[in-house]
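>>> Please find the sequence and the predicted model below.
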Amino acid sequence: MDAMLGDCSLERLRLRKSFKWRTHPPDVLPAFVAEMDFDIAEPIRAAVAAALDLGDCGYPHKGELGPVFAQFACDRLDWSPDPELVFAIPDVMTGVAEFIQAITEPGAGVVINPPVYAPFFFRLELAGRRIVEAPLAVGPDARYELDLDALDSALGQPGVGAYLICNPHNPLGRVWTRAELTAVADLCARHNVPVLADEIHAPLVLAGASHVSFHTVEHEAARRAVVFTSASKGWNIPGLKCGIAVAAAPQTAAILEERWEALLGGHLGVLATIAALRDARPWLDAVVGQIQANAAMLGKLLGEHLPAVRYRPPQASFLAWLDCRELGLGDDPAAVFLERGRVALSPGPDFGRQGRGFARLNIGTSPELVAEAIQRMAGAVAG
């Protein structure tokens, strides 16, 4: 493992006090929440330390965030957003919820594609909006696709006010193609439904795939859309609280500007994000390389120890979606792995009813801990 990623020994990791390392007892190996185990990138650590040395912990100002993000997007994502239309927000889901409350009435429908990131369900419901499902289609090779007929039907339901798409998709690691996103844009324009794109995992696209930001689709629906992203996943800094909202048109940006007080994030998060995007790209490259290796290794480990589990390597990020239905462990196999194997995965049903019999495994760690997780899962099944 690359030296800049640090020491992922259990002894050292258990000194951490984050949600991942304090939710379960010490005998449980945590591999659930989307938090990686690697050391923080040195440019980020230095930026935060410098601010602390100055007592610079006041209210946030986006500072250089706009041009720095625009340069990163141009260099890495083949996307040229307007730096003036880049906004700092606390996190992606807060930004999504605030924007949806601004553009829709209470009780309005929001279309999502389950199985999908669990907060899409509960955060939107807490915001007083109604979930409208357009489930993804899955083929015999375990490859998930956007079901355009289901999406067309969902968008056409009365009272639908927005479509929230996850790209790259969590928990599947699926990267949607330009053709797929163009088809989405056509449907949303036909139904006059604005698009909100959660692109938080875009910096973690793996070899063989290319991220296509929704804003790069040549379509009127893209110019109306808002893209939400963050350095929190790519550089593992969710606790520093900074997301990014990107508008494509001034009238859309005005909605974000009007809600600035509700969208105040963390000053240290803004500084850390600027350092990540500008100065910590080699660290990101090392992480992507390690995830790629872990994803390949996971396939071999499952074949050796849990051949009944179906797994398709992700195209992006450090999350593995495991089809455990043939193991006969019920709707929530993660509960069995936790009880019998003392390894914590994310329960599949949290991602929607389509996740029954599935579990999500976090492989954003050392190869040794990925192997340990599989050994514990296999022991749970054997026992």
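All right, it came through fine.
>>> can we go C-alpha only for contacts and neighbour counts from here?
OK.
>>> Next up, the contacts around residue 239.
For residue 239, the contacting residues are residue 232, by Cα atoms under 8 Å, 6 or more residues apart in numbering.
>>> same question for stretch 224-236, mean pLDDT?
Taken as a whole, stretch 224-236 carries a mean pLDDT of 98.
>>> First-to-last residue distance for that stretch?
Counting by Cα to Cα, to the nearest Å, you get 30 Å between the two ends of stretch 224-236.
>>> ditto for stretch 219-230
Its first and final residues considered, stretch 219-230 spans 24 Å by Cα to Cα.
>>> Now that stretch: buried residues?
Residues of stretch 219-230 classed as buried under the neighbour-count rule (16 or more other Cα atoms under 10 Å) are 221, 222, 223, 224, 225, 226, 227, 228, 229, 230.
>>> So which of those residues are in helices?
For those, membership in helices holds for 221, 222, 223, 224, with DSSP state H as the criterion.
>>> mind giving me JSON lines with the residues you listed and columns for distance to residue 204?
As requested, these are exported to JSON lines (distance: Cα to Cα, whole Å):
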{"residue": "221", "distance to residue 204": "25"}
{"residue": "222", "distance to residue 204": "22"}
{"residue": "223", "distance to residue 204": "25"}
{"residue": "224", "distance to residue 204": "26"}
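>>> hang on, the earlier thing: export the buried residues of stretch 219-230 to a markdown table and tack on distance to residue 191?
Written out in a markdown table, the entries for the buried residues of stretch 219-230 read as follows (distance: Cα to Cα, whole Å):
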| residue | distance to residue 191 |
| --- | --- |
| 221 | 11 |
| 222 | 14 |
| 223 | 16 |
| 224 | 13 |
| 225 | 14 |
| 226 | 17 |
| 227 | 20 |
| 228 | 22 |
| 229 | 25 |
| 230 | 29 |
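>>> Tell me the one of these nearest residue 255?
The shortest separation between residue 255 and any of the buried residues of stretch 219-230 is 10.5 Å, and it belongs to residue 226 (by Cα to Cα).
>>> give me the beta-bridge partners of that closest one?
residue 196, residue 247 (DSSP bridges).
>>> if I pick it, what's in contact with it?
Taking Cα under 8 Å, 6+ apart as the criterion, residue 226 is in contact with 195, 196, 197, 215, 245, 246, 247, 248, 252.
>>> biggest separation within those, which pair?
When the contacts of residue 226 are compared pair by pair using Cα to Cα, the two farthest from each other are 197 and 252, 13.8 Å apart.
>>> Of these two, give the one with the bigger neighbour count.
Taking residue 197 and residue 252 together and counting by other Cα atoms under 10 Å, residue 197 has the greater number of neighbours (25 against 18).
>>> and that one, what pLDDT?
Looking at residue 197, its pLDDT stands at 98.
>>> thought it was touching residue 169?
No. The criterion here is Cα atoms under 8 Å, and residue 197 misses it with residue 169 at 10.4 Å.
>>> So which bits of stretch 167-174 are buried?
When neighbours are counted by 16+ other Cα under 10 Å, the buried residues of stretch 167-174 are found to be 167, 168, 169, 170, 171, 172, 173, 174.
>>> how far away is the fifth one from residue 317?
Pointing back at residue 171 there. Here residue 171 is placed at a distance of 9 Å from residue 317 (Cα to Cα).
>>> same question, the last one
Taking Cα to Cα as the measure, residue 174 and residue 317 are separated by 9 Å.
>>> for the third one, same thing?
Distance, residue 169 to residue 317, by Cα to Cα: 9 Å.
>>> so what sits against both of those two?
With contacts defined as Cα under 8 Å, 6+ apart, the residues adjacent to both residue 169 and residue 317 are residue 201.
>>> Show me which residues of the lengthiest helix in the chain are buried.
Of all the elements of type helix in the chain, the one with the most residues (DSSP H) is helix 281-305. Using 16+ other Cα under 10 Å as the burial criterion, the residues of helix 281-305 that qualify are 281, 283-284, 286-292, 294-295, 297-299, 301-302, 305.
>>> Can you name the element that comes right after that helix?
Proceeding N to C from helix 281-305, the next assigned helix or strand is strand 310-311, under DSSP states H and E.
>>> Against which helices or strands is that following strand packed?
On a contact count with 3 or more Cα pairs under 8 Å, 6 or more residues apart in numbering; DSSP states H and E, strand 310-311 meets strand 319-323.
>>> Run through who's touching the strand it packs on.
Residues from elsewhere that reach strand 319-323 (Cα under 8 Å, 6+ apart): 34, 170-173, 295, 309-314, 357-364.
>>> give me that answer again for 10 Å
Among residues not part of strand 319-323, those counted as contacts by Cα atoms under 10 Å, 6 or more residues apart in numbering are 31-35, 142, 170-173, 291, 295, 298, 302, 308-314, 333, 346, 348, 355-364.
>>> returning to what we had before: any common contacting residues for residue 171 and residue 317?
By Cα under 10 Å, 6+ apart, residue 171 and residue 317 have these common neighbours: 34, 362.
>>> what number of residues lie near residue 78?
By other Cα under 10 Å, the residues close to residue 78 number 15.
>>> I'd like to know how far residue 163 sits from residue 190.
Relative to residue 190, and taking Cα to Cα, residue 163 is found at 13 Å.
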